[in-house]
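Asker: here is the input, now give the coordinates:
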Amino acid sequence: MPTEEELDIRLQQATRRRLAKFDELRGKVTQAREFWDAVVITAADQKQQLAYEQQLSEKLKRKELPLGVHYHVFVDPPGPKIGNGGSTLHVLQCLEEMYGDTWTSLTIILIHSGGYSQRLPNASALGKIFTALPFGDPIYQMLELKLAMYIDFPAHMNPGILITCADDIELYSIGATEVIMFDKPGFTALAHPSDLVIGTTHGVFVLDSSGISEKELEYRSCHHFLHKPSIEKMHQSGAVCIRRNCSQSNSSGEHSDLKMDYEYVYTDSLFYIDHNIAKQLLIFFKQLDTLCCEIDAYGDFLQALGPGATEDYTKNTDNVTKEGSQLVEVRQKLFSFLKGTSLNVIVLNNSRFYHIGTTQEYLFHFTSESKLKSELGLLSKAFSIFPDKTENSDISACIIQSILDSRCDIAPASVIEYSRLGPEVSVGANSIVSGCCISAKADVPPNTFVSSLSVRINEKVMYVSVVLGIEDNLKKNVTLLSDIHFLQLFGVNLLQCLDLWDLRISDQLFSGDKTSLGLWSIRIFPVCSTLNDSISVSLKMLSAVQNKSAFKLGSWKLLSIEEMLFYKDVEYMLKFRQQIYEEITLKRQKEKSDL
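Answerer: This is a model prediction of the structure:
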C-alpha cells in the first residue's frame with residue numbers, strides 16, 4: 001500500500017495532467033469523444049440566464065473554452081422554486097425540445113448553478129460557476145476547473161448526463177492503466193472516503209460488500225443511500241468502514257508513528273444517468289403536469305435507489321430548506337417510479353472533495369496553506385499587477401486579475417479580485433474586495449466584505465457597493481418587523497445600525513416578500529453615479545457603525561442586494577473586468593519587449 005505522501009503526490013500529478021490536457025483544448029475545435037457534446041448550466045431566472053450567456057460568449061470569443069461544443073444555459077420555469085432536482089427534470093425537457101430524438105445519443109454535462117450565492121456574495125451577480133480562481137493564464141474560473149477535472153470522462157462514457165454542482169471540486173488519482181467507466185445502466189455516482197462528521201452534511205453510500213481495498217479505483221454497488229445522516233444512523237445502517245492500524249495526522253498535517261483505527265464513510269459528489277433513466281425521468285416530469293416544490297437531485301433521486309431503499313425518507317423534511325405542500329406526494333411518486341433502479345458506485349479511494357461556497361471556505365482555500373492550494377498550484381498573485389513589496393514578501397493575501405498601486409497595503413488572509421486599488425488604500429486581514437475601483441484614501445477594516453455592482457436604473461448606469469461583515473448571515477430571515485433586532489450587521493444589532501443611519505423601520509425598508517425580512521432584502525445600500533463614490537459612501541456607513549457615529553442615508557436612493565441583482569448591468573461589470581484584463585496584458589507585453 002502506498003504511503004500517504006506517495007498518494008498525495010499521485011493526486012497532485014493526476015490533477016496537473018488534467019489541467020494540462022484541458023489547456024490543450026482551450027480555443028481548439030474538439031474531436032468526437034474528446035470532450036462533451038453539450039455543456040449545460042442552469043440559471044434561476046432570466047436575468048441570471050442572460051448574465052451566464054454573456055459570460056460564455058466572452059469566454060468563447062477569448063478562446064478560453066474548447067470550441068465546436070454546444071454550450072447552453074437553461075433557466076428554471078417561473079413560479080415556485082423547484083430545487084436542483086426539479087431543475088434537472090426541466091433541463092431534460094429543454095434538451096428534448098432542442099435536439100428531438102438525437103439528444104439520447106449525446107454525452108452531456110449538467111452543472112447546477114441556479115442559486116444566488118448568498119453565502120459567497122461576490123458570486124451573486126455573475127454566478128458561482130464564474131467564480132475566479134487564482135491560477136491559469138488567462139485565469140480559470142470554476143467552469144474551466146470543473147471541465148478540466150472531468151476531462152477524462154467523455155471518452156469512457158455511454159451517452160448520458162453527468163450531473164454536478166457549481167461550487168464543488170473533486171480531485172482524484174487512479175492507476176496508470178485504469179480509466180473511470182460510465183457504462184452501466186441506471187445511476188452511477190462517485191464516492192469519496194470521508195470522516196463521519198463530513199458524512200453528516202453529505203450523502204452517504206451503504207455499499208453492498210464490505211472489506212477494505214488498497215486499490216485507488218473500485219466499482220461497487222450500493223445497497224441504499226443516506227442523505228445527511230446522523231453518525232448513529234451511519235453506524236446502524238452499516239455505512240461505516242474501519243481502517244485498522246492507520247497512522248494519524250497531527251494538527252499541522254504531519255504524520256505520526258501512532259497507529260489507530262480510523263472510521264470513515266463514502267460520501268457523494270457527482271452522479272451520472274444513462275439516457276434510458278433520463279427518458280424515464282422526463283416521462284415522470286410530464287406526468288406531474290406542474291411542479292410546485294423543491295426537489296433535491298441528491299436526496300430525492302438517490303434515496304429511492306438500491307435494493308435496500310425504503311419509503312421512510314419521503315416524509316422526513318428535516319433537511320428541507322422550504323417544505324411545499326406537494327413535497328411528500330412528489331417524493332412518494334418519485335420513489336415508486338425509481339424503485340428497483342440500481343445505484344452503481346465508483347469508489348475513488350485516493351480522492352478529495354472540496355466545497356467553495358462560503359466566504360470562509362473561499363478565504364481558507366485561497367490564502368492559507370491548504371491542500372487544495374498545493375494540489376491545484378493556486379497562486380498569491382494570479383494575472384495581476386501589484387506592489388513589489390507584496391510580491392517579495394510571504395504574506396498570504398491572494399490577488400486575482402487586479403491592478404494595485406505599489407503604495408497600497410494588503411493584510412494577510414485577504415482576497416482582492418477584479419479590482420483597482422490606489423496608493424492610499426489599505427485592506428485589513430481576512431477581507432474580500434471584489435469588483436471595486438478605489439482611488440481615494442480608504443481603509444477596509446479586517447473581516448470585511450466589499451463588492452461593487454453596476455446597475456441600470458431608468459436607462460442610466462449607476463453603481464452600488466455592498467459592505468458586510470465576513471461572518472454576516474444573508475440567509476437569516478425574520479417574519480416580523482418587531483423581530484429585526486435578531487438580525488446582525490458587522491456583528492452589531494441591525495436596529496442600532498438603522499438608528500445610526502437615520503433610517504425608519506417600515507415595510508418599505510425591505511424589498512420582495514414582506515414575511516421574509518433579512519440582510520438580503522433590506523434597502524440600505526446607496527446608489528451612486530461613480531464607482532469610486534459608491535465605495536466611499538458604503539465604507540462611511542461601515543465606519544459609522546464601528547465608531548457609533550451618525551451617518552445619515554436619508555438623501556440617497558437605497559437598494560437591497562436582492563434589488564441589485566434585478567437591476568444589475570452585466571455588460572458594464574464585464575467591461576470593467578475586460579479593461580483590467582487588457583491593461584495587464586499590455587503591461588506584460590511591454591515587459592517582454594523590454595527584455
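Asker: the strand ranked longest in the chain pairs with which strands?
Answerer: With secondary structure taken from DSSP state E, the chain has its longest strand at strand 255-274. Using DSSP bridges, the strands paired with strand 255-274 are strand 160-165 (antiparallel), strand 187-194 (antiparallel), strand 203-207 (antiparallel), strand 241-249 (antiparallel).
Asker: got these as a markdown table, with mean neighbour count, mean pLDDT and distance to residue 40 columns?
Answerer: All C-beta spots, glycine's among them, are computed from the backbone N, C-alpha and C. Shown next, in a markdown table, are the strands paired with strand 255-274 (neighbours: other Cβ atoms under 10 Å; pLDDT from 0 to 100; distance: least, Cβ to Cβ, whole Å):
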| stretch | mean neighbour count | mean pLDDT | distance to residue 40 |
| --- | --- | --- | --- |
| strand 160-165 | 23 | 98 | 8 |
| strand 187-194 | 23 | 97 | 18 |
| strand 203-207 | 24 | 97 | 22 |
| strand 241-249 | 12 | 71 | 35 |
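Asker: and residue 548, which of these is closest to it?
Answerer: strand 160-165 (41.8 Å; Cβ to Cβ).
Asker: check which element follows that closest one along the chain.
Answerer: Counting by DSSP states H and E, the element after strand 160-165 in chain order, helix or strand, is strand 168-172.
Asker: may I have that following strand as CSV, with CA atoms only?
Answerer: Extracted C-alpha coordinates of strand 168-172, given in CSV (Å, rounded to 0.1, in the frame of the first residue of the first chain):
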residue,chain,number,x,y,z
ASP,A,168,-17.5,21.9,-5.5
ILE,A,169,-14.3,20.4,-6.7
GLU,A,170,-13.3,16.7,-6.9
LEU,A,171,-9.7,15.7,-7.3
TYR,A,172,-8.5,12.1,-7.6
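Asker: just want the angle from that strand to strand 255-274.
Answerer: Angle, strand 168-172 to strand 255-274, by axes from the mean of the first three to the mean of the last three Cα atoms, to 10 degrees: 110 degrees.
Asker: centre of the chain versus the longest strand of the chain, how much separation?
Answerer: The chain centroid and the centroid of strand 255-274 are separated by 22 Å under Cα atoms, centre = their mean, to the nearest Å.
Asker: same question, stretch 174-182
Answerer: Between the centre of stretch 174-182 and the centre of its chain there are 27 Å (Cα atoms, centre = their mean).
Asker: now do that stretch: everything it contacts.
Answerer: 14, 152-153, 155-158, 160, 162, 188, 215-217, 219, 272, 346, 348, 350 (Cβ atoms under 8 Å, 6 or more residues apart in numbering).
Asker: residue 88 sits in which helix or strand?
Answerer: Counting by DSSP H and E, residue 88 is found in helix 83-99.
Asker: who does that helix touch, helix- and strand-wise?
Answerer: Applying 3 or more Cβ pairs under 8 Å, 6 or more residues apart in numbering; DSSP states H and E, we find helix 83-99 packed against strand 38-43, strand 70-75, strand 107-112, strand 160-165, helix 275-288.
Asker: what does that helix contact?
Answerer: Applying Cβ under 8 Å, 6+ apart, the contact partners of helix 83-99 are 38, 40, 42, 72, 74, 76-77, 82, 103, 106, 108, 110, 112, 114, 161, 163, 165, 278, 281-282, 284-286, 291, 293-301.
Asker: what about 6 Å?
Answerer: 40, 42, 74, 76, 103, 110, 112, 114, 278, 281-282, 285, 291, 294-297, 300 (Cβ atoms under 6 Å, 6 or more residues apart in numbering).
Asker: mind listing what residue 55 touches?
Answerer: Counting by Cβ under 6 Å, 6+ apart, residue 55 has contacts residue 130.
Asker: the stretch 251-400 of the chain: helices as residue ranges?
Answerer: Using DSSP state H, counting those that start in this stretch, the helices of the stretch 251-400 of the chain run over 275-288, 327-338, 359-367, 371-376, 388-391.
Asker: just put those in CSV and tack on distance to residue 428, mean pLDDT and mean neighbour count.
Answerer: CSV is the format used below for these (distance: least, Cβ to Cβ, whole Å; pLDDT from 0 to 100; neighbours: other Cβ atoms under 10 Å):
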stretch, distance to residue 428, mean pLDDT, mean neighbour count
helix 275-288, 49, 96, 16
helix 327-338, 44, 95, 18
helix 359-367, 12, 96, 20
helix 371-376, 22, 94, 18
helix 388-391, 15, 52, 13
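Asker: now do residue 438 against residue 561, distance only.
Answerer: Per Cβ to Cβ, to the nearest Å, residue 438 is found 20 Å from residue 561.
Asker: repeat that for residue 7.
Answerer: Distance, residue 7 to residue 561, using Cβ to Cβ: 43 Å.
Asker: so if I had to pick from those two, which one is more boxed in?
Answerer: residue 561 (26 against 16; other Cβ atoms under 10 Å).
Asker: where does residue 36 fall, phi/psi-wise?
Answerer: Main-chain torsions, residue 36, degrees, to the nearest 10: phi -70, psi 150.
Asker: now do the contacts for it.
Answerer: Neighbours of residue 36 in contact, by Cβ under 6 Å, 6+ apart: 107, 109, 154.
Asker: of those - the most surrounded one?
Answerer: Neighbour counts for the contacts of residue 36 (other Cβ under 10 Å) peak at residue 109, which has 24 neighbours.
Asker: for it, give the beta-bridge partners.
Answerer: Listed by DSSP bridges, the beta-bridge partners for residue 109 are residue 39, residue 162.
Asker: show me what counts as buried in the longest strand of the chain.
Answerer: For strand 255-274, the neighbour count (16 or more other Cβ atoms under 10 Å) marks 264, 265, 266, 267, 268, 269, 270, 271, 272, 273, 274 as buried.
Asker: re earlier: using CSV, write out every CA atom in the helix holding residue 88.
Answerer: The C-alpha coordinates for helix 83-99 follow below in CSV (Å, rounded to 0.1, in the frame of the first residue of the first chain):
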residue,chain,number,x,y,z
GLY,A,83,-34.7,22.8,-6.4
ASN,A,84,-31.8,21.2,-8.4
GLY,A,85,-33.9,18.0,-8.8
GLY,A,86,-36.7,19.9,-10.4
SER,A,87,-34.2,21.8,-12.4
THR,A,88,-32.7,18.6,-13.7
LEU,A,89,-36.1,17.4,-14.8
HIS,A,90,-36.7,20.7,-16.6
VAL,A,91,-33.4,20.5,-18.4
LEU,A,92,-34.3,17.1,-19.7
GLN,A,93,-37.4,18.6,-21.2
CYS,A,94,-35.4,21.5,-22.7
LEU,A,95,-32.9,19.1,-24.3
GLU,A,96,-35.7,17.0,-25.9
GLU,A,97,-37.3,20.2,-27.2
MET,A,98,-34.0,21.4,-28.6
TYR,A,99,-32.5,18.2,-30.1
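Asker: angle of that helix against strand 255-274?
Answerer: Here helix 83-99 runs at an angle of 40 degrees relative to strand 255-274 (the same axes, to 10 degrees).
Asker: now do the buried residues in helix 83-99.
Answerer: For helix 83-99, using 16+ other Cβ under 10 Å, the buried residues are 83-92, 94-96, 99.
Asker: got the contact list for the helix or strand that residue 534 is a member of?
Answerer: Taking DSSP H and E as the definition, residue 534 sits inside helix 531-547. The contact list for helix 531-547, computed with Cβ under 6 Å, 6+ apart, reads 436-439, 442, 452, 463-465, 467, 490, 492, 497, 500, 526, 528, 551.
Asker: name every strand pairing with the next helix or strand after that helix and say which way it goes.
Answerer: The helix or strand immediately downstream of helix 531-547 is strand 558-559, counting by DSSP H and E. Sheet pairing of strand 558-559 (DSSP bridges) gives strand 525-528 (antiparallel).
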